[in-house]
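J.: Turn this into a model:
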Amino acid sequence: MADITLDTGATSITIAGPKYPDEPGESAPVVVGRTMGGGIKVANLGSGTDFESPKLQFREMSNADYESLRDFIQDTCTWSVTSFTYTDPYSGSHTNMHYISGLSEFRRLRGKWNGTIDLAKDMSA
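T.: Okay, here's the model as predicted:
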């Protein structure tokens, strides 16, 4: 999975993308087309989620990435106070995002971190 970026304008972090950037059971939308030679081409249009309330499910996250994420949310964003731009694994940029919950539920297993964070888009901005 591609990297993601969280950016407040003053501070930015880039970490390995979540293993499951979409809700479980959903699939990313694609466009299927045919070539004149009889071949089939598939274009991935990115996540099916509208990203108003994404859940980012991290599995086997490195300690360095976990500490970057934790410090960004805790210190830079003061939990849910400061908004940030979330750039998803498909290079889509989502502005006015806020951390909602999940970081305290991350667990370390065999030296890797697992957990899910909930984000929400501030629709008033």
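J.: Surely Leu119 touches Pro54?
T.: Yes. The criterion here is Cβ atoms under 8 Å, and Leu119 meets it with Pro54 at 5.2 Å. Just so you know, the C-beta spots here come from the backbone N, C-alpha and C atoms, and that holds for glycine as well.
J.: Spit out the contact partners of Gly111.
T.: The contact partners of Gly111, taken as Cβ atoms under 8 Å, 6 or more residues apart in numbering, are Asn63.
J.: most distant residue from the middle of this protein?
T.: The outermost residue of the chain relative to its centre, with distances by Cα atoms, centre = their mean, is Gly37 at 37.8 Å.
J.: That one sits in which helix or strand?
T.: Secondary structure from DSSP states H and E places Gly37 outside every helix and strand.
J.: part of a strand, is Leu69?
T.: No. Looking at Leu69 with DSSP: H, G, I helix; E, B strand; the rest coil, it is helix, so not inside a strand.
J.: Which residues are in contact with it?
T.: Residues near Leu69 by Cβ under 8 Å, 6+ apart: Leu6, Ile13, Ile15, Phe58, Met61, Leu103, Ile117.
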